[in-house]
Structure formats: structure tokens, C-alpha cells
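J.: Only the shape, not the letters, is given here:
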């Protein structure tokens, strides 16, 4: 059991490092444009203070953290050339600050607000 916990801790640290590396890659002029787009999206979502699926929703609340984010990182790693990714990972290890993306938070809040307004208008039109 202890071995599994250690593996999960290593995986979580690598994931955190790779998210910071994606943020660095998105800002680098050396990153190809498609990789920059994917890396920027992954980093924006990861550093947003608001989740697309709130964590308090049972089971699916952690879906973004456990599935969507690692898949986005994996795609970004495939699109970024290996030597460049190694540089971004090394730089990520040196950074201790975690950036926060308020633009992504605003976009996610707008999506939730639009969903609430759509639901409210549907309820008013069909139920009341």
C-alpha cells in the first residue's frame, strides 16, 4: 500500500511540474503554434481558480483533475519537441510560484452564468 501512495505522490508532483512547463511553453517563442495553443489551454484551465466541473459534485467533480487535465498535458507533451519540453520541465522545477489565470476563471464563470440563465429561461418558459 505504501508503494502505491508513493507512486501517486510522484505522479502528482510530475503532473504539477508539467502544468507549469505547459505554462512556460505557451509563453515561449520557440514552441510551435499548435503546441502553444494546447499548452496555453491546459495551463489556463489548470491555473484557473474556478473549475469547469465544481469539485463538490460527487464523482464527476474530480473528473477534470483526474482525466481531462492529464490528457491535455499528454497531448501538449506530444506536440512539443522533446528537447524543448526537457528545457521547460527544468525551468518549471526552478519556479516555486504558481500563476493564477483570472481570464480563464472569468470564461468559466461566464459559461456557468450562461448555463444558469438558459436553465432559468427554460423553467420560466416551460414550467411557469
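T.: Sure, I can see it. A quick note: this is a predicted structure, and the numbers were derived from the prediction, not measured.
J.: so how far is the helix or strand of the chain with the lowest mean pLDDT off the chain centroid?
T.: Counting by mean pLDDT, DSSP states H and E, the chain has its least confident helix or strand at helix 63, which shows a mean of 74. Relative to its chain's centre, helix 63 lies at 12 Å (C-alpha atoms, centre = their mean, to the nearest Å).
J.: And stretch 11-18, by the same measure?
T.: Distance, centroid of stretch 11-18 to centroid of chain: 12 Å (C-alpha atoms, centre = their mean).
J.: Sketch out the low-pLDDT regions of this structure for me.
T.: 1-2, 96-101 (pLDDT under 70).
J.: In which helix or strand does residue 3 reside?
T.: helix 2-27 (DSSP states H and E).
J.: ok, residues contacting the very next helix or strand once past the least confident helix or strand of the chain?
T.: For helix 63, the succeeding helix or strand toward the C-terminus, using DSSP H and E, is helix 69-79. Contact with helix 69-79 is made by 15, 18-19, 22, 25, 32, 34-35, 38-39, 41-42, 45-46, 85, as judged by C-beta atoms under 8 Å, 6 or more residues apart in numbering. C-betas here are computed from N, CA, C, even on glycine.
J.: ok, of these, which come out buried?
T.: Neighbour counting with 16 or more other C-beta atoms under 10 Å marks 18-19, 22, 25, 35, 38-39, 41-42, 45-46, 85 as buried within those.
J.: Closest one to residue 119 out of the residues you listed, please.
T.: Within the set of the buried ones among the contacts of helix 69-79, residue 45 lies nearest residue 119; the separation is 23.3 Å, counting by C-beta to C-beta.
J.: coming back round to it: from the buried ones among the contacts of helix 69-79, pick the one nearest residue 122.
T.: Using C-beta to C-beta, the buried ones among the contacts of helix 69-79 come closest to residue 122 at residue 45, 27.5 Å.
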